[in-house]
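# Structure, please.
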Amino acid sequence: MSGSPVQGIRTVLHPVSDLAKAKAVYAALLGEAPQTDSSHYVGFEVGGQHIGLVPAGGPQDMTSPVAYWHVPDINAKVAELTAAGATVKEAAHDVGGGRLVAAVTDPDGNVLGLIQDR
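Predicted structure coming up:
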């Protein structure tokens, strides 16, 4: 099967109802303080993985954790996935720092996140 390759899952975002309480639990789990700590996002970098905490599911309205696949060309991957039967949930957009994110759902409604760093 051809198409644009993926670089693996390196980011998982978790919707949380209480950011302060969740931050304490994840800091205890991971054994370190977050690298990003704001009222709208807390992020940890551990062992090449990024774990993010998003209050109330953020603008994406996440209701469960979402794994983000890192890809070299987000628009090509979204086109590939939709051609294969996925549905766009969140169109590719810039979230700052040269990072693009998007999300699609598979035929069963599972969310697949995509990230491209430029």
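# where do the strands sit along this protein?
Along the chain, the stretches classed as strands by DSSP state E are 9-16, 36-37, 42-46, 49-55, 66-70, 87-94, 99-105, 111-117.
# Output the below-cut-off pLDDT ranges for this structure.
1-2 (pLDDT under 70).
# Spit out the contact partners of the residue most central in space within the chain.
For the chain, Tyr68 is the residue whose C-alpha lies nearest the centre (Cα atoms, centre = their mean; 4.1 Å). Tyr68 makes contact with 9-13, 101, 113-115, according to Cβ atoms under 8 Å, 6 or more residues apart in numbering. For glycine as for every other residue, the C-beta is placed from the backbone atoms N, C-alpha and C.
# Could I have the buried ones of the residues you listed as PyMOL selection syntax?
In PyMOL, a selection of the buried entries from the contacts of Tyr68 looks like this (16 or more other Cβ atoms under 10 Å):
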select buried, resi 11+13+101+113+114+115
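# Take the contacts of Tyr68 and lay them out in CSV including distance to Tyr26.
Converted to CSV, the contacts of Tyr68 look like this (distance: Cβ to Cβ, whole Å):
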residue, distance to Tyr26
Ile9, 17
Arg10, 16
Thr11, 14
Val12, 11
Leu13, 12
Val101, 20
Gly113, 18
Leu114, 23
Ile115, 20
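# Report the separation between Pro59 and Leu30.
25 Å (Cβ to Cβ, to the nearest Å).
# Those two: which is more packed in?
Leu30 (15 against 11; other Cβ atoms under 10 Å).
# Run a quick check on the more buried one versus Glu45, I expect a contact.
No. Taking contacts as Cβ atoms under 8 Å, Leu30 lies outside contact range of Glu45: 9.2 Å.
# For the two, list the residues in contact with both.
Contacts common to Leu30 and Glu45, judged by Cβ under 8 Å, 6+ apart, are absent.
# And for Gly3, nearest residue in space, chain neighbours not counted?
The shortest distance from Gly3 to any non-neighbouring residue, by Cβ to Cβ, 6 or more residues apart in numbering, is to Glu80 (4.7 Å).
# now swap in Ala76 and tell me
Ser4 (4.5 Å).
# One more: Ser64?
Per Cβ to Cβ, 6+ apart, closest to Ser64 is Pro15, 7.1 Å.
# All set, thanks.
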